[in-house]
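*Asks:* Generate coordinates for the sequence data below:
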Amino acid sequence: MELNELILSLTRCVGKPNIITQAKKIATFTTGFREGKGKALCVVQPTSLLQMWEILKIVTQANVAIVMQAANTGLTGGSTPTEELDRPCIVINTLKINDIHLLEAQGQFIALPGASLFELENALDPHGRVPHSVIGSSCIGASIVGGVCNNSGGALVERGPAYTELALYAKLNADGELVLINELDIDLGDSPESILTNLQTRNYSAQAVRSTGKSASDNDYKTWVRDTQSSRPARFNADKRRLNKASGCAGKLAVFAVRLDSFLKPEKKHTYYIHTDNADSLNTLRIALLNHMTELPISAEYLHRDVIHLTDHYGRDTMLVLKHFGTRVMPAFFNLKKRVDGLCHALPFVPDSLTDKASNFVARLFPSQVPECVVEAKRISAHHLILTIQGGSEKEFKDIIKPLVDSALLNVIQCDEALAKSLYSLRFAAAGAAIQYQKLHAKTTSGLLALDIALPRNCQQWFEALPDSIAKKMTQKYYYGHFICHVFHQDYLVSADYKPEQVKKELLEFMDSRGAEYPAEHNVGHLYHAKSDLAEHYKTLDPTNTFNPGIGKMSTRKDYESE
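*Replies:* Purely as a prediction, here's the structure:
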C-alpha cells in the first residue's frame, strides 16, 4: 500500500480531527516523557474499540511499524518510536478510549486502553476501593493498560507488579494474520466486531462475567516479598513468573482491555517519619517488619539526605502544585509542560528547557516546602523513611521499633495528616528533581543516568558504595525508592568529561556484581537490553516484529532480521 493511500484510508476510518500528519504536532507523541525520540508518518487517535480494530486491519496490510501508545508517560522511551526503523511508523494513540467498567460483584474492573490511573482512583473512591497504584504514576496521567503492559510496580508494598491474566488483545501471527483474542472471561460474542461493540457499549449482563481462576493481580506477591532469605529480587521487569501475554508485553500486542482487581481502602492508617545515620539499622527494621508484622506496611518510601536537598531546590514547583491544587491537576500540569516544550523546541530563538527554567524561577520565590522536621533531621541523618501502616498494626509496629529507638539507632516521629501529606509530596517530587537539575545545569554535566534497580531480598549492604573508578565520573548521585521491596531509583549526573553511555555500561556491570536486576519497574524501553526471558516473550507475542520494533534494544527490522 502506498503511504499516501494509507493515510487516506486511515483518515476515512477515523475522520480528519483524529489523525495528525503535521511534523510539529506529531513530535508531542514521538518524544518520550523522560527518554525516547523518533519519527512517525502519522498519529491516529481512534474514538472507539471498533475503530481501533479497523485501524489495525488497515495498517497491518502495509509495510509499516506500529507503536501502540496511551499517555506516553513511560520513563524509558518504550511508548515512542525508535529512530533506527527500516520502514515508516504509525503511532496509534488510544487516549480517547478511556472507559472504565466496575464489576462490583467481583471487586474488579475493566479498563479500556486510554483509561488513566487517576480516572480509576476517582471511579473507585465512592466504593471504598483503590487501584493497584496510587500517588506516583497516577499523578502524571499514566494509563492502566500501560502499567499492565510494562509490569509496572509502585509504592504499595503488598501489590507487586501490575499483572493480569484477563485481557482482550490483538496480535499478528507468524503468517501476518491479525487475530483478536478475548481472554477477559466475559461472554461478548464471537466476531471481533460484536466483541468490541458489546464491550464498549456495556452490552453484557452480570451473568456474562464469569468467575474465574485466573489472576487479576499478583496475589502471591505479599507472601513472595516476605522471603528475606532469598537471593532473588522481589520484582523486576524480566521476571518470567509475571510475563503472561498482555502482562509485560511492552506494546508487542494491541491491548483493547484488561480486567483487574481493585482493593479495599484501609479504614485507618498511621504514617511515621523515621530517620537515621545508620543504614544497617534501617535494614534491621525492614527485616523485622517483613518477618513479624501480621499485616504488611502499606508503603515504605526511602529518601537519602542528598535527594531531599535536591528536591527542595528542583522539585519545589511540583510540591507547590500538589499543595495548592492537589493531585487532580498533576496530569494537566505535566502535559502542559510537555506541549510547551514541544512548541519551544521548534523555535530556534527560544532557549532549551524554557518551562523548567520558568517554573524553577517562580518556585524559588516561595519558601521551602520541605517540612521543618525533615530540615532538622537531615542535618544529623543520611537515611529517611516514610512508613505507612494499617490502622490495626500500631501496637505491633511500636513493639518492633522500640528496641531500635531505645538504643538510639532510629529516630521516629508519628505524623498527623498534614505532615504525612507533605512527606509524600516530597517523595513524589523527588522523582523529577534530578531531571530539572540536569536541564538547568546542562553545561556542567554530560547527561543524566536514571536507573531503577531491584536488589536481592537478602541483601544486607543495601546502600550503594560505588567504586572510586565510577564515582569520580559523577557530579551528583541521588537515591530514593520502595524500601520494603528493595526497589531503588538511582539518578546519576555524569561529569561533562565523560560519556554517559560508557559510564552506564560500568554502572550496570557493578549492579550485576551486586546481584541486582534492572530495570525493576519502568521496563526496558529503548534504554536497556531485554534479557533472554523477556526477549523470548516479545518474539512469541509478535513474531513478525511489527509492533514496537526495537524495544529492549532488539532488532528494529521486519521478522527480527539481523541489523
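*Asks:* For residue 482, give its distance to residue 159.
*Replies:* For residue 482, the distance to residue 159 (CB to CB, to the nearest Å) stands at 10 Å. Where you see a C-beta, it was placed from the backbone N, CA and C, and this is true even at glycine.
*Asks:* so what pLDDT did residue 417 get?
*Replies:* The score at residue 417 is 95. That number is its pLDDT.
*Asks:* Give the full set of residues in contact with it.
*Replies:* Listed by CB atoms under 8 Å, 6 or more residues apart in numbering, the contact set of residue 417 is empty.
*Asks:* do that again at 10 Å, thanks
*Replies:* For residue 417, the set of contacting residues under the criterion of CB atoms under 10 Å, 6 or more residues apart in numbering consists of residue 271.
*Asks:* Would you quantify the distance from it to residue 269?
*Replies:* Distance from residue 417 to residue 269, counting by CB to CB: 10 Å.
*Asks:* For the stretch 1-150 of the chain, which segments count as helices?
*Replies:* Read by DSSP state H, counting those that start in this stretch, the stretch 1-150 of the chain holds these helices, from start to end of the chain: 3-14, 23-30, 49-59, 117-124, 144-149.
*Asks:* Take stretch 122-138, keep the C-alpha atoms, and write them as PDB.
*Replies:* Extracted in PDB, the C-alpha atoms of stretch 122-138 (Å, rounded to 0.1, in the frame of the first residue of the first chain):
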ATOM      1  CA  ASN A 122     -11.900   8.700  41.200                       C
ATOM      2  CA  ALA A 123     -14.200   5.900  39.900                       C
ATOM      3  CA  LEU A 124     -13.300   3.500  42.800                       C
ATOM      4  CA  ASP A 125     -13.300   6.000  45.600                       C
ATOM      5  CA  PRO A 126     -17.100   6.200  46.200                       C
ATOM      6  CA  HIS A 127     -17.000   2.400  46.600                       C
ATOM      7  CA  GLY A 128     -14.300   2.400  49.300                       C
ATOM      8  CA  ARG A 129     -11.800   0.800  47.000                       C
ATOM      9  CA  VAL A 130      -8.400   1.700  45.500                       C
ATOM     10  CA  PRO A 131      -6.400   0.600  42.400                       C
ATOM     11  CA  HIS A 132      -3.000  -1.200  42.300                       C
ATOM     12  CA  SER A 133      -1.000   2.000  42.300                       C
ATOM     13  CA  VAL A 134      -1.600   5.400  43.900                       C
ATOM     14  CA  ILE A 135       0.400   8.700  44.000                       C
ATOM     15  CA  GLY A 136       3.200   8.400  41.500                       C
ATOM     16  CA  SER A 137       2.400   7.300  38.100                       C
ATOM     17  CA  SER A 138      -1.300   8.200  38.700                       C
END
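*Asks:* now it, how far from the centre of its chain.
*Replies:* Computed by CA atoms, centre = their mean, to the nearest Å, the separation of stretch 122-138 from the middle of its chain amounts to 15 Å.
*Asks:* In the chain, where is pLDDT below threshold?
*Replies:* 1, 135-140, 342, 345-346, 348-349, 563 (pLDDT under 70).
*Asks:* Scan it for its longest helix.
*Replies:* For the chain, the helix that runs over the most residues, judged by DSSP state H, is helix 417-440.
*Asks:* in that helix, what's buried?
*Replies:* Neighbour counts over helix 417-440 (16 or more other CB atoms under 10 Å) mark 419-440 as buried.
*Asks:* joint contacts of residue 482 and residue 159?
*Replies:* For the pair residue 482 and residue 159, residues contacting each of them under the criterion CB under 10 Å, 6+ apart are 153, 235, 299.
*Asks:* what about the last one, distance to residue 202?
*Replies:* Translated: residue 299. When distances are taken as CB to CB, residue 299 and residue 202 turn out to be 34 Å apart.
*Asks:* Settle it for me: which of the two has more neighbours?
*Replies:* Under the criterion of other CB atoms under 10 Å, the comparison of residue 299 against residue 202 puts residue 299 first, with 26 against 10.
*Asks:* Okay, and the beta partners of the more buried one?
*Replies:* In this structure, residue 299 has beta-bridge partners residue 156, residue 388, where bridges are defined by DSSP bridges.
*Asks:* Tell me if I'm right that it and residue 157 touch.
*Replies:* Yes. In this structure residue 299 lies within contact range of residue 157 using CB atoms under 10 Å: 6.1 Å.
*Asks:* For the two, list the residues in contact with both.
*Replies:* Between them, residue 299 and residue 157 have 387, 388, 389, 482, 483, 484, 485 as joint contacts when contacts are counted by CB under 10 Å, 6+ apart.
*Asks:* Report how many residues lie close to the fifth one.
*Replies:* Read it as residue 483. Other residues within reach of residue 483, judged by other CB under 10 Å, total 26.
*Asks:* just to revisit the earlier point, most neighbours of all the shared contacts of residue 299 and residue 157, which one?
*Replies:* The residue in the shared contacts of residue 299 and residue 157 with the most neighbours, by other CB under 10 Å, is residue 485 (30 neighbours).
*Asks:* where's that one, which helix or strand?
*Replies:* Secondary-structure element containing residue 485, defined by DSSP states H and E: none, the residue being outside all helices and strands.
*Asks:* Not counting sequence-adjacent ones, nearest residue to it?
*Replies:* Take residue 485 and drop its neighbours on the chain: the residue closest to it by CB to CB, 6 or more residues apart in numbering is residue 234, 4.9 Å away.
*Asks:* Please state the backbone phi and psi of that neighbour?
*Replies:* Main-chain dihedrals, residue 234, degrees, to the nearest 10: phi -70, psi -40.
*Asks:* OK, contacts around it?
*Replies:* Contact analysis of residue 234 by CB under 10 Å, 6+ apart lists 153, 157, 160-161, 221, 224-228, 454-457, 482, 484-487, 517, 520.
*Asks:* From residue 455, how far out is it?
*Replies:* From residue 234 to residue 455 the distance is 9 Å (CB to CB).
*Asks:* anything in contact with each of the two?
*Replies:* Taking CB under 10 Å, 6+ apart as the contact criterion, the common neighbours of residue 234 and residue 455 are 485, 486, 487, 517, 520.
*Asks:* phi, psi of the nearest residue to the last one once chain neighbours are set aside?
*Replies:* Using CB to CB, 6+ apart and skipping the chain neighbours, the partner closest in space to residue 520 is residue 454 (3.9 Å). Dihedral angles of residue 454 (phi, psi; degrees, to the nearest 10) stand at phi -120, psi 120.
*Asks:* Could you tell me the end-to-end distance of stretch 209-225?
*Replies:* For stretch 209-225, the first-to-last residue distance is 31 Å (CA to CA, to the nearest Å).
*Asks:* If you could redo that for stretch 539-551, that was the one I meant.
*Replies:* According to CA to CA, stretch 539-551 extends 11 Å from its N-terminal end residue to its C-terminal end residue.
*Asks:* Just the buried residues of it, please?
*Replies:* Judged by neighbour count using 16+ other CB under 10 Å, the buried positions of stretch 539-551 are 539, 541, 542, 543, 544, 545, 546, 547, 548, 549, 550, 551.
*Asks:* quick one: secondary structure of the residue nearest to the second one when sequence neighbours are not counted?
*Replies:* Taking CB to CB, 6+ apart as the measure, residue 541 lies nearest to residue 252, with 4.3 Å between them; neighbours along the chain are not counted. Judged by DSSP: H, G, I helix; E, B strand; the rest coil, the three-state class of residue 252 is coil.
*Asks:* mind listing the helices for the stretch 451-563 of the chain?
*Replies:* Taking DSSP H, counting those that start in this stretch as the test, the helices found in the stretch 451-563 of the chain are 468-471, 500-513, 532-541.
*Asks:* then the first one to CSV, C-alphas only?
*Replies:* If I follow you right, that is helix 468-471. Coordinates of each C-alpha in helix 468-471 appear next as CSV, following Å, rounded to 0.1, in the frame of the first residue of the first chain:
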residue,chain,number,x,y,z
ASP,A,468,36.1,5.2,43.1
SER,A,469,36.7,4.4,39.4
ILE,A,470,32.9,5.0,38.8
ALA,A,471,32.2,7.6,41.5
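*Asks:* quick one on the thing from earlier: list buried residues within the contacts of residue 234.
*Replies:* 153, 157, 160-161, 221, 224-226, 228, 454-457, 482, 484-487, 517, 520.
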